[in-house]
Each structure stands twice: as structure tokens, then as C-alpha cells.
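**Student:** okay, predicted coordinates and the sequence, questions at the end:
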There are 2 protein chains.
Amino acid sequence: MKRPTIADIARRAGVSKGAVSYALNGQPGVSEATRQRIVAIAQEIGFNPNSAARALSGASARAVGLTLSRPARILSIEPFFMGLISGFEAELAARSYALTLQVVATPEQEVEVYRRWWGERRIDGVIVTDLRENDVRIPVLQQLQLPAVVIGGPGDTGKIAQVWSDDAGAITETVRYLVALGHRRIARVSGLPGLLHTQTRTRAFNDICAALGLTEALTVPSDYTGEEGGRATRRLLIGTERPTAVIYDNDVMAVAGLAVAQEMGLAVPGDLSIVAWDDSPLCSLVHPPLTALSRDIAEYGAHAARELLAAIDGKQVSNVEAGTAHLTPRGSTAPPR
Amino acid sequence: MKRPTIADIARRAGVSKGAVSYALNGQPGVSEATRQRIVAIAQEIGFNPNSAARALSGASARAVGLTLSRPARILSIEPFFMGLISGFEAELAARSYALTLQVVATPEQEVEVYRRWWGERRIDGVIVTDLRENDVRIPVLQQLQLPAVVIGGPGDTGKIAQVWSDDAGAITETVRYLVALGHRRIARVSGLPGLLHTQTRTRAFNDICAALGLTEALTVPSDYTGEEGGRATRRLLIGTERPTAVIYDNDVMAVAGLAVAQEMGLAVPGDLSIVAWDDSPLCSLVHPPLTALSRDIAEYGAHAARELLAAIDGKQVSNVEAGTAHLTPRGSTAPPR
DNA sequence: CTCCACAACTTACCCGGTTCAGTAAACACT
DNA sequence: AGTGTTTACTGAACCGGGTAAGTTGTGGAG
């Protein structure tokens, strides 16, 4: 089948290509009557502008890029990214931007992908996740002047917009809640230590524990996988002075931690309370259901997409906080025995 | 920053644009010495061909499309799709094709997206998941002559290539295994009944149960969500003649089913054996770990991507079976008490 | 020495939109 | 009536690659 072009429309409407272009883009330069006639013809023959031609003549590519830099085995089970993607999509589809995805292994590869995309003019902007300290991607994006939005700060990203949620506030609330229940030995199994938001959480965790006089606040670094989360939990629970509550940096590790506790014959929440960060259906469907730090991840993604589209439109955007995760108590937390 | 173009390379190399194009694409028409000089310059200035220009001049867009047609709440937790995406990516990245993603709500919307992508010349082909009976997408793809690969057959897709795994064989093996353990009352919680592979599984399940003389083989339709899976499980377990084993069509429902059993005071696997379809880390990290039907989903995706790229290259492709899921026994299956 | 074949290029047009400069007609204003 | 100004267009250049057709230059055969 042949794709209809504006030349086809122009011929049928008896006008020039230029007039068709003005009419379809809502530009001034054609009369209302002509515009309606042209739009009707476009509708009728099912016209869609060739995105390549459009991108080539200076306009935008109407696409944004997202790189995912976790190994496949983590990506497949981590609900966070799919939630994020759904959120992006809702916003992007509304403005008919496409989302281009690439799975990468390292930040260096990610930089390569950004350079390639930029050179290919394939995308108008990128969404950057998992901000690190002195992130190598930031200077590259600035150099290329590629519109971007960073998720996972707050951090130093210069003029690049950020969307973040108040992790410090959330963890503070959680520790206060556990202490109110009577817990004194609270541990934490964290995500990848290189990520900025992990560091933010760890700092806030240490601060609030110190403020409340908890001397044994311990953070065990992990990597978001269930296996590692389970191992970290086992290590925490074999000590003589085992914690009575553990906070996990994602839901997958929390579920794994729950399984380890059950396997070791500990009652949850009687012997051990568990809190998961990032609520997902996963938390509700295990037994007992997990107390979790909930936030609307899709909305978080939608927010980021809106900021990115604004940046692409040339609007100066600033750092935006997208809302704090709030504690959703379920069956996995209780006063210690 | 200005993007380098072939004109820049041509100027620096002292040749014409055409020569550069021939050199970079490995076409005859330039001497080996000139080619190497041109390639070196391209390398040096970090040249990437503008994908829009390339797509416009008749060549391919070097991108393929994937639509995901499940609600966000299912997508976020279902490990299958992320595994599939990782698999695609591995293959696509190797040939530097981009993956364009769109989340849709209905098959009709999906068709709209295909039409738009085709009109925009944004993609060279699409990957179709969740094949249905009399799928509305198939005739559209044939009409548009858009290269495609279908995942989730086997079904009637005319000339469009299919990649599928032998679900009937897998479920037969599973039922035989459970019967060998001594189970006689085996139930199944299925995925969306409209999907062709769900129907394939149901038919095979009924057939093998009949062949083995199991009269109470019951399939309860569900929708892949944990909530629905849990509800279906509860309905199965409140009867007087409750099943001693349940097979779930995905891991999420299986985990939910496990939680329901635990909540109802049933021991797994003592009172109830559980089998999950599609192994994911999720199955190993609950307690007890779930016996699952494993297949390499990423490889499944990679396979599909290879077929699609072949179809785009104009090679005639046929239906391919991508390997059967095999039973991985873990702690959730045992002889009934 | 002439002619031909072929390699190694160059030239020019194509793809399908966007956009700017130009133009003719309609209209307003003095 | 004559002079701007505005409206509604047209025509052509342009984006950056791909490629068919044309042009050189070189070497070998006769």
C-alpha cells in the first residue's frame, strides 16, 4: 500500500504543498474554509505525516528516549520500571510522542546510546534514571544540549530538570513509626550503594536513628535482587542481637526477606517487622501483606514526562518534587514481642 | 553542538557526499584507501547518520515497534514483558535497531497505533503479542504489508511469521507429573480467556485430564493479576472437594494463590501443591519456592526479534517453535497427604 | 596509437515534509 | 483614485542522507 503524502492531499484539494502544511499544523496562512477542506481530505485518506520527513526539516522527531541500565534479571521482576514506563506513556501518547527504549549494561554504554541517538536525531530528549554521584551522563547531556529530565535526585545536575520524591522524609516517618511501635533494633537492606537516592536514604536513616538514640542502626547494601536481599536478610538474622524490624529499599527484596524469615521459623510480624519501599501489587499478595512506602509510580513517571516535554518546548524548568511516599501499614509490622 | 553530517566528512576528506555515502555503507564505488580515510574521519568526529534522512530516502527506519496491551497495574508486576523486552533489545541493539514502545488499552487502539506508525514511517516492523482468536490486528498488518512477528500462537496468521512455545506439551507434562505424585483433583487458574495461548492450554489441560481419567479437572478463568488469582484460589479452596493441586497461568497469580493457601491455614505443599507457569525470580524468592514451568523468556524474545529482522530483510519466514517450557520442581509440589 | 573496459569518483535528483520569500487579490484608508 | 496593508495563497529552497546517471582517468588489448 502506498502511503499518502501531503502532495496527494494538495493535488486533491487543488492547492500547493505549502498550503496543506499550514492547514494541518494550525499555522496562519490559509483560510478557514480551505483548512477544513484540507483536514477533511487528510482524514478521509488516512494521512499521517512521515515522521522522518518532519524530523529532517528541522522540526522535532516526536520521540523521547529511555535507557534502562539494570541487568535483565532485575528488570524483569522489578515492578518500578514498568510502572514508570506506563506513566511516561500515558503522557507521551497524549501528545503523540513515541518512546524509544534501550537496555544497557553500564553508564558508559548509556552515554554511547545518548550520543548515538543525538547524532541520529532520533529523539528530542531523554529520561535519565538512577542518578549517581558525579554522574558521567550529566556533562554529556549538557554538552550535547539534549533536553533531559533526571529521576532519582536530588543531586547536582546543573540546568537539567529533576523530578524526585522526598525519600528522606519518607524514611524518617518510617523509623518514627517503628520506634513508636516499640522497636529499638532497626536494620535496613539498601539498593545499589552507587545510586544517589540510596545515599540520600542511608543518610536520612542514620540521622533519624541517631536522633532517636538508636545505636544499632545498620544498613546492609544490596542490589535490588531477591537473591541478594534474601542473603542480606539471613546475615542480619543470624546474629545474636538480631533486629526486630527491617526496612527494604524495594519490594522484591522485602518479599525475599519475608521468605527468609519464614524459612528460619521467625514469625512476621511477631518476631520481625518488615517494611517495603515502593508499594506494588506484590506487597499485597504475599502473606502477610507487607507494610509499604507507597507512591504513585505511574504518576511519578507522568510527571517526569511532562517536565521533559516542557524542556523540549524550550521552557525553563526547575527541580520539582513529585510527592513523598507515605507509609501504608499492612500485616507485616507490629510491636515486637 | 552541531551534528556532523556527511557533508562535513566530505569536506574534510576532499571528496563528494556521494563518495562518503558509498564508503560508509560498504558499497562499491570508492577505493579501499579512500574508504578507510573516510571511515577514520567519521570515527574521529563522532558521526552518526541522521536516522530521519536515512529513513526518508527510502531506506529503513531502523526501528521496530512493540505495543503492550495490558493495564498498567498488570504490566508493572508481570515479569514476562520485561523479560521479553530484554530479549528483543539484546538482538536489536546488536544490529542497532531502536525499539519503540507504546502502551495501549485495547486491540482497536493497537490497530490505530500500527496504522499511525506505518503512516509515519516510524518503524520497519512490529512485534505482536497476545494473539487472539480472529485477531483484528492480523488483517490490518497484512493490508499494510507491515513486517511482523506474532508471539503467542500457534494460530492462523497467514503469511505473518510466528514464534511460539509448545504450551500443550508443557501442561501435559505437568499434569502427568502431578498425577504421578498421586494427585487426582487438579485445578487450573488460567490467564485471560480471550488469548489464543490460554485456549491452547485449556484444551490441552482438558485433554490430558480426560485421558488420565481425572473427572474433576476444572479451569477457572482469571486475568493474570494477583488479586484475581487470589480470589480464584479462594473460590477453589472453599469447596468440600477442594483440589490438591493448582496450576497457575502466571507466576503472579501463583504467588497470590500461595498467600491465600497460607491465609486459609493450608500447608503448601502438604495440603496443596502449586505450579506456576513462567518461572521468574519471583517463584524462587517466596517460601516455599514454587515449582514452575521454566522457559528462557529473554531468549524467546531474542528469537522473535531475529525472525522480525529477517522478515524486514525480506526473507520468507515460517512458523518457528521456540522451545517448550520444562518443569522445574521446587518446594511447592509434593504428594498429597 | 587507438579503442574499450572499468574503477573511482562527481553531479544531480529524490524522499516528504517545513518555511521563507514572493505575489496577486481583497480591503481599508485618506 | 491611489497607496498601504492584510489575507491567502504559490514556488522554491532546504533538511541529510541514498543512488542512478554521468564524467574522468588509468590500464590493457589489439
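**Tutor:** Structure received.
**Student:** C-alpha only now, for contacts and for neighbours.
**Tutor:** OK.
**Student:** contact partners for A:Lys159?
**Tutor:** Contacts for A:Lys159 (Cα atoms under 8 Å, 6 or more residues apart in numbering or on different chains) come out as A:Ser318.
**Student:** now the one 3 residues further on
**Tutor:** Contact criterion Cα under 8 Å, 6+ apart gives A:149-154, A:304, A:318-320 as the residues in contact with A:Gln162.
**Student:** equivalent analysis for A:Ala256, please.
**Tutor:** Counted by Cα under 8 Å, 6+ apart, A:Ala256 has contacts A:226-227, A:229-230, B:285-286.
**Student:** those residues of chain A touching DNA strand C, which are they?
**Tutor:** With the criterion set to Cα under 7 Å from any atom of the strand, chain A comes near DNA strand C through A:3-7, A:17-19, A:21-22, A:24-25, A:48-50, A:53-54, A:56-59.
**Student:** circling back to that earlier point, which PyMOL command selects the buried ones in the contacts of A:Gln162?
**Tutor:** Entered in PyMOL, the line below selects the buried ones among the contacts of A:Gln162, by 16 or more other Cα atoms under 10 Å in any protein chain shown:
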select buried, chain A and resi 149+150+151+152+153+154+304+319
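**Student:** just the contacts of A:Gln162 now: which is nearest A:Gly83?
**Tutor:** Checking those against A:Gly83 by Cα to Cα gives A:Ala304 as the nearest, at 12.6 Å.
**Student:** so where does that closest one fall, helix or strand?
**Tutor:** With secondary structure defined by DSSP states H and E, A:Ala304 is part of helix A:297-312.
**Student:** quick one: list the elements packing against that helix.
**Tutor:** helix A:79-94, strand A:125-128, strand A:148-151, strand A:161-164 (3 or more Cα pairs under 8 Å, 6 or more residues apart in numbering or on different chains; DSSP states H and E).
**Student:** can you flag the buried ones in the residues of chain A next to DNA strand C?
**Tutor:** A:3-6, A:17, A:19, A:21, A:48-50, A:53-54, A:56.
**Student:** distance to A:His197 and pLDDT for those residues - can I get that in CSV?
**Tutor:** Listed next are these as CSV, based on distance: Cα to Cα, whole Å; pLDDT from 0 to 100:
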residue, distance to A:His197, pLDDT
A:Arg3, 48, 84
A:Pro4, 49, 90
A:Thr5, 48, 91
A:Ile6, 49, 91
A:Lys17, 51, 91
A:Ala19, 51, 93
A:Ser21, 46, 93
A:Asn48, 42, 88
A:Pro49, 41, 89
A:Asn50, 41, 89
A:Ala53, 41, 90
A:Arg54, 39, 89
A:Leu56, 38, 88
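**Student:** run through the bridge partners of A:Val189.
**Tutor:** For A:Val189, the beta-bridge partners under DSSP bridges are A:Val220, A:Tyr248.
**Student:** and the lowest-mean-pLDDT helix or strand in chain A, what does it pack onto?
**Tutor:** Scoring the helices and strands of chain A by mean pLDDT, DSSP states H and E places helix A:72-75 at the bottom, with a mean of 74. If you count contacts as 3+ Cα pairs under 8 Å, 6+ apart, helix A:72-75 packs onto helix B:79-94.
**Student:** elements contacting the helix it packs on?
**Tutor:** Contact partners of helix B:79-94 among helices and strands, from 3+ Cα pairs under 8 Å, 6+ apart: helix A:72-75, strand A:98-103, strand B:98-103, helix B:297-312.
**Student:** list the buried residues of it.
**Tutor:** For helix B:79-94, the neighbour count (16+ other Cα under 10 Å) marks B:79-92 as buried.
**Student:** quick one on the thing from earlier: tell me the buried residues in the least confident helix or strand of chain A?
**Tutor:** By neighbour count on 16+ other Cα under 10 Å, the buried set for helix A:72-75 is A:72-75.
**Student:** before we move on, what about stretch A:201-208?
**Tutor:** Neighbour-count burial for stretch A:201-208 [16+ other Cα under 10 Å]: A:201-202, A:204-208.
**Student:** picking up where we left off before, can you narrow the contacts of A:Ala256 down to the ones near DNA strand D?
**Tutor:** Okay, of those, nothing touches DNA strand D (Cα under 7 Å from any atom of the strand).
**Student:** which of these has the most neighbours?
**Tutor:** Among the contacts of A:Ala256, A:Gly229 has the most neighbours (other Cα atoms under 10 Å in any protein chain shown), with 31 neighbours.
**Student:** pretty sure that residue is touching A:Val260, no?
**Tutor:** No: using Cα atoms under 8 Å, A:Gly229 makes no contact with A:Val260, being 9.4 Å away.
**Student:** A:Phe80 and B:Leu75 touch, don't they?
**Tutor:** No: if you go by Cα under 8 Å, A:Phe80 and B:Leu75 don't touch, sitting 10.3 Å apart.
**Student:** got a list of what the residue nearest the centre of chain A touches?
**Tutor:** Geometric centre of chain A, nearest residue: A:Leu84, 4.6 Å, by Cα atoms, centre = their mean. By Cα under 8 Å, 6+ apart, A:Leu84 lies in contact with A:297-302.
**Student:** same thing with A:Trp164?
**Tutor:** Contacts of A:Trp164 by Cα under 8 Å, 6+ apart are A:151-154, A:320-323.
**Student:** for the residue in the stretch 51-200 of chain A that DNA strand D sits nearest to, give its distance to chain B.
**Tutor:** Going by Cα to the nearest atom of the strand, DNA strand D is nearest to A:Ser57 of the stretch 51-200 of chain A, at 3.4 Å. As judged by Cα to the nearest Cα, to the nearest Å, A:Ser57 and chain B stand 9 Å apart.
**Student:** separation between that residue and A:Arg116?
**Tutor:** Counting by Cα to Cα, to the nearest Å, the separation of A:Ser57 from A:Arg116 is 19 Å.
**Student:** residues near A:Gly29, how many?
**Tutor:** Look at A:Gly29: counted by other Cα under 10 Å, it has 12 neighbours.
**Student:** which SS state does it fall under?
**Tutor:** Per DSSP: H, G, I helix; E, B strand; the rest coil, the secondary structure class of A:Gly29 is coil.
**Student:** all strands for chain A, in order.
**Tutor:** Here chain A has its strands, by DSSP state E, at A:63-68, A:98-103, A:125-128, A:148-151, A:161-164, A:186-190, A:218-221, A:245-248, A:273-277, A:291-294, A:320-321, A:326-328.
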